[in-house]
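**Student:** No letters, just coordinates:
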């Protein structure tokens with residue numbers, strides 16, 4: 001079974017093993033990394049996965065624009081270091097498992113749970129808290145200010161409030177903003 005991907009692990013480019021192979025093969029490190037990537041790609045597409053016995057050195061040499069002998073020396077150094085064993089990538093099955101860590105099962109269970117839940121039902125965290133929270137803070141300050149002086153004569157209240165009213169009566173209207181950021185017109 002051929003897959004369209006393979007795992008690439010962090011630190012591969014700076015792996016000391018690849019630096020040692022570059023030194024033993026007498027090739028620059030970027031060329032060794034490019035050959036290793038080509039080997040992993042080929043192994044990923046092979047049947048069985050991990051097999052590189054039919055790897056074509058000439059095609060890679062043309063693709064990378066390097067000498068066939070350079071690639072051959074790199075593969076020989078990788079074999080001597082134990083990265084290639086019996087015509088395949090060493091420990092391929094451990095590095096590239098067919099099965100993931102259970103993500104497919106978790107996703108399937110989540111989808112089944114979503115099917116059982118009605119479409120318009122909010123999740124558990126929104127059910128009880130959100131509407132009360134919105135009501136409490138959105139309307140709390142607006143109505144407190146508006147209803148404070150409703151029904152009372154304008155003469156009542158502190159001297160300071162009468163003074164403020166006297167100075168603001170000729171203004172068209174005042175705009176008040178509560179804590180939720182909702183603007184309301186003053187009366």
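**Tutor:** Received it, and whenever you're ready, just let me know what you need. A quick note: this is a predicted structure, and the numbers were derived from the prediction, not measured.
**Student:** What is the neighbour count of residue 77?
**Tutor:** Residues lying near residue 77 (other Cβ atoms under 10 Å) number 22. Bear in mind the C-beta positions are built from the backbone N, C-alpha and C, glycine included.
**Student:** My error: substitute residue 76 in the last question.
**Tutor:** Applying other Cβ under 10 Å, we find 14 residues neighbouring residue 76.
**Student:** Ignoring the adjacent residues along the chain, who's closest to it?
**Tutor:** Once flanking residues are discounted, residue 76 sits nearest to residue 25: 7.4 Å by Cβ to Cβ, 6 or more residues apart in numbering.
**Student:** Any figure for the gap between that neighbour and residue 110?
**Tutor:** According to Cβ to Cβ, to the nearest Å, residue 25 stands 49 Å off from residue 110.
**Student:** Those two: which is more packed in?
**Tutor:** The neighbour count for residue 25 versus residue 110, taken as other Cβ under 10 Å, is higher for residue 25 (22 against 10).
**Student:** doesn't residue 69 make contact with the more buried one?
**Tutor:** No: taking contacts as Cβ atoms under 8 Å, residue 25 lies outside contact range of residue 69: 9.9 Å.
**Student:** re earlier: which residues are in contact with the residue nearest to residue 76?
**Tutor:** 32, 70, 73, 74, 76, 77 (Cβ atoms under 8 Å, 6 or more residues apart in numbering).
**Student:** Name all residues that make contact with the third one.
**Tutor:** The contact partners of residue 73, by Cβ under 8 Å, 6+ apart, come to 25, 26, 27.
**Student:** What are the boundaries of the helices in this protein?
**Tutor:** With DSSP state H as the criterion, the chain has helices at 16-25, 29-45, 57-64, 68-81, 92-95, 103-116, 124-148, 159-168.
**Student:** Next, format these as JSON lines and append mean pLDDT and distance to residue 7.
**Tutor:** Output for those, formatted as JSON lines (pLDDT from 0 to 100; distance: least, Cβ to Cβ, whole Å):
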{"stretch": "helix 16-25", "mean pLDDT": "94", "distance to residue 7": "17"}
{"stretch": "helix 29-45", "mean pLDDT": "92", "distance to residue 7": "9"}
{"stretch": "helix 57-64", "mean pLDDT": "93", "distance to residue 7": "21"}
{"stretch": "helix 68-81", "mean pLDDT": "94", "distance to residue 7": "18"}
{"stretch": "helix 92-95", "mean pLDDT": "82", "distance to residue 7": "6"}
{"stretch": "helix 103-116", "mean pLDDT": "84", "distance to residue 7": "14"}
{"stretch": "helix 124-148", "mean pLDDT": "51", "distance to residue 7": "35"}
{"stretch": "helix 159-168", "mean pLDDT": "69", "distance to residue 7": "71"}
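**Student:** pretty sure residue 40 contacts residue 9?
**Tutor:** No: counting by Cβ under 8 Å, residue 9 is not a contact partner of residue 40; they are 10.5 Å apart.
**Student:** Neighbour count: those two, which is higher?
**Tutor:** residue 40 (20 against 7).
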